[in-house]
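coords please:
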Amino acid sequence: MAPAPPRARKAAGALSLSLNPAPFRRARGTPSALRATLTVALLTMILGLSGCGEGPWNDPYPQDQALANIVYSSFSERPKHLDPVRSYSSNEYAFLAQVYEPPLQYHLLLRPFTLVPLTAESVPVPRYLAADGRELPEDAPADEIAVSEYLVRIQPGILYQPHPAFAKDETGFYRYHDLAPDALRRVKVLADFPVAGTRELVAADYVHQVKRLAVPWLHSPIAGVMQEYILDFKELGERIEAAAPAPEAGGGARPYLDLREVPFAGAEVVDRYTYRVRIKGKYPQFLYWLAMPFFAPMPWEAERFYGQPGMAERNLRLDWYPIGTGPFWLSENNPNLRMVLERNPNFRGERYPSEGMPEDEAQGLLADAGRVMPFIERAIYGLEKESIPYWNKFLQGYYDSSGISSDAFDQAIQYGSQGEAALTPAMEEKGIRLLTAVQPSIFYMGFNMRDPVVGGDGEASRLLRRAVSIAVDFDEYIAIFANGRGVAAQGPIPPGIFGHREGEPGINPYVSRWEDGRAVRRDIEEARRLLAEAGYPGGRNPATGRALNLFFDTTATGPDDRARLNWFRKQLDKLGIELVIRATDYNRFQEKMREGTGQLFMWGWNADYPDPENFLFLLHGPNAKVDGGGENAANYASPELDALFERMKNMENGPERQAMIDEMVEIARRDAPWIWGFHPKAYSLHHAWLGNVKPNEMANNTLKYRRVDPELRHTKRMAWNQPVLWPLWLTGGLLVAAAVPAVVSLRRRERSRAL
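Next up is the predicted model:
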């Protein structure tokens, strides 16, 4: 038999060397289906071989980051403000608090929440002055105190992050403070300025920031509150407005105003490292404000730099590029993709805390005691708008920690026989840890106390509110709609805040009773009896003979809200009361609340600072939403409670203050302006390689404490993301097996032709 033609032998040899199907076409008469089959088989096998690289196929990060000292997290919406004078949102604080440093901070480990120095040398102790300037003793009555002085001394030697606002030339003049109009032609991002500088943090920077809170066009959300407490604050705003140059024509940038030239009695520099803040009367809660970014330092150079014409048009502004002394600086701000915080090369090196709660040492939270922070080099936050992709990446090891959405809850959490939350076996197998913490928040159902049916201080309306409070079972609500992530509220003050009572002394006796070591909701029959005493036997209005109608105003209009609204209807149906849902948009809802035309509503409050005053003021009469424009959404007023509040709010924590709080809470429980609702409970999951994690709902600057084990993370990622190759090999083998008979038949035909 003659050998195959040279062209055919060449085609057969090319089969194992090339992905290009062209050589198959050179074989005379080779069917196209056969060529396609052989090509797919070859591609399948080569793809299988390509999976033998160093990293997982689905790794979203560059290979050179595999063993990097980086924390990986995410964000779901763009931070709107990164200027500390304006920012007041948790998603903004996640970045802001790592860059800026107010004088005080919350201790990571100690409970209850404890203030400790950050840049300050110590927590300032107020000095009290009478109206004539006499110094008063620490225990002076609040009504004798005209002014409280807070003297803050900061640590010397603290440096700002490198920034072009500080850059100077050889003669000592600032390089970028007086840029010509065409100097910004090639500047698109902050890194386009070739030179950066730094300088030492001084007391004047803190005073400068306090003044910025009063600047009218910056619209600080706490300006109204500070006007009530900081001496000369309102007048400062008026002086700034009078001294400010007019904005550029056509709505352009406002020319720079040097706030150093504007006098202010409320905050003054004492020396290079010391400043003084003066407060009207006595306001102990001011110390908590000194731990918030609102009171972080702002160098005048930053405003001078960012205030130049053309900067805002290029997004070169404090809202985009913050400038601080913290352990990190924002090196990348791309809210459509990712945000990156990098270690500040000028950071002084803060030490990890050496004391904690009794359980902290056993949990490894004191292993780094005394060591210099931060422990990581970088934190990368990826944009994740949907919870399912984020959850899957967390399970694959590409995010270090995660919350738990409702969709993933059953996959992550199971409940024991005593109702305690625990991880599922699948989560435990991965070494994931569960951390829980009751948040300093409350969600409640409010009665409009100005309403003629449910409001007022008459006994009948009070009994009606109590009956409805028993019927609306928030324990059941938590179980159904919050996956058990909450604690039924017995009053306005959450756990962890001074004034909260645990156990039997802490229950609301009008709604619950104490049985077998826990609070048990009173029987619905008792609620029906109270309703009858209120004049609505069987839930019927005696004037009409029909069921009593109550109106629930809400902005919940989506399909996911229907089950929740139906649940509320069923709760009142237990009493024979018909709940009418009045759904509306948010603006209309807010208008109803301001005008007091609603009847029942859901409301919530998150603590600004861990003090009972921050919750009890929600029941303070002068703070009513209708008459005072405040946060007392129920418009509740009790002369007895209001008098106690005025005395309690300025007291130091102690037995006397606790006794007053107990009395106030008892009055509020008796009058029942709220159905007390629940305190949400945060659940978070953390991989084994992430250390020094303890929930702290008051502290926002916790990134510096984090420690990662990159080698363990890389090992786990490799194990959890191995490609499943056998389907590829099986498919390729089947294709080859199917192609062999055709190849054999083809070669026989070609040889027969050659003969």
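
show me the strands in the stretch 51-200 of the chain, by range?
Taking DSSP state E, counting those that start in this stretch, the strands of the stretch 51-200 of the chain run over residues 70-75, 104-106, 115-117, 127-129, 135-136, 147-153.

packed most tightly, which of those strands would that be?
Compared across the strands of the stretch 51-200 of the chain, strand 104-106 shows the largest average neighbour count, a mean of 23 (mean count of other CB atoms under 10 Å). C-beta here means a position set from N, CA and C on the backbone, and glycine is covered the same way.

contact partners of it?
Residues from elsewhere that reach strand 104-106 (CB atoms under 8 Å, 6 or more residues apart in numbering): 113-118, 120, 123, 287, 290-291, 696, 698-699, 701.

before we move on, back to that, using CSV, lay out the strands of the stretch 51-200 of the chain together with mean pLDDT and distance to Pro673.
Converted to CSV, the strands of the stretch 51-200 of the chain look like this (pLDDT from 0 to 100; distance: least, CB to CB, whole Å):
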stretch, mean pLDDT, distance to Pro673
strand 70-75, 97, 37
strand 104-106, 98, 31
strand 115-117, 98, 32
strand 127-129, 97, 35
strand 135-136, 96, 37
strand 147-153, 98, 32
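
as CSV, the ones you listed with distance to Arg513 would be great.
Shown next, in CSV, are those (distance: least, CB to CB, whole Å):
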stretch, distance to Arg513
strand 70-75, 44
strand 104-106, 36
strand 115-117, 38
strand 127-129, 45
strand 135-136, 47
strand 147-153, 44
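
quick one, what contacts Arg518?
If you count contacts by CB under 8 Å, 6+ apart, Arg518 has none.

tell me what it is bridged to.
Counting by DSSP bridges, Arg518 is bridged to Glu515.

relative to Ala488, how far out is it?
As judged by CB to CB, to the nearest Å, Arg518 and Ala488 stand 10 Å apart.

against Glu228, how distant is the closest residue to Met427 other than its chain neighbours?
Leaving aside its chain neighbours, Met427 sits nearest to Ala412 (5.4 Å; criterion: CB to CB, 6 or more residues apart in numbering). Noted for Ala412: a distance of 45 Å to Glu228, by CB to CB.

pairing partners for the strand ranked longest in the chain, with directions?
Using DSSP state E to define each element, the chain has its longest strand at strand 674-686. Here strand 674-686 is paired, per DSSP bridges, with strand 401-402 (antiparallel), strand 433-438 (antiparallel), strand 441-447 (antiparallel), strand 486-488 (antiparallel).

mind putting these into CSV with mean pLDDT, mean neighbour count and distance to Gly576?
Formatted as CSV, the strands paired with strand 674-686 follow (pLDDT from 0 to 100; neighbours: other CB atoms under 10 Å; distance: least, CB to CB, whole Å):
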stretch, mean pLDDT, mean neighbour count, distance to Gly576
strand 401-402, 96, 20, 45
strand 433-438, 95, 16, 35
strand 441-447, 97, 22, 18
strand 486-488, 95, 20, 24
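
mind putting those strands into a markdown table with distance to Leu366?
A markdown table is the format used below for the strands paired with strand 674-686 (distance: least, CB to CB, whole Å):
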| stretch | distance to Leu366 |
| --- | --- |
| strand 401-402 | 20 |
| strand 433-438 | 16 |
| strand 441-447 | 28 |
| strand 486-488 | 28 |
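
which of those sits closest to Tyr206?
Distance to Tyr206, taken as CB to CB, is lowest for strand 441-447 among the strands paired with strand 674-686, at 29.6 Å.

residue ranges for the strands of the stretch 401-550 of the chain, please.
Assigned by DSSP E, counting those that start in this stretch, the strands in the stretch 401-550 of the chain fall at 401-402, 413-415, 421-423, 433-438, 441-447, 486-488, 512-515, 518-521, 540-541, 546-547, 549-554.

quick one: closest of the strands of the stretch 51-200 of the chain to Arg338.
When those are compared by CB to CB, strand 70-75 sits nearest Arg338, at 8.6 Å.

returning to what we had before: including distance to Gly628, could the strands of the stretch 401-550 of the chain go into TSV?
Below are those laid out as TSV (distance: least, CB to CB, whole Å):
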stretch	distance to Gly628
strand 401-402	41
strand 413-415	42
strand 421-423	41
strand 433-438	30
strand 441-447	16
strand 486-488	30
strand 512-515	32
strand 518-521	33
strand 540-541	32
strand 546-547	35
strand 549-554	20
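
got the contact list for the residue nearest to Met427?
Ala412 sits next to 404, 423-424, 427, 434, 685 when contact means CB under 8 Å, 6+ apart.
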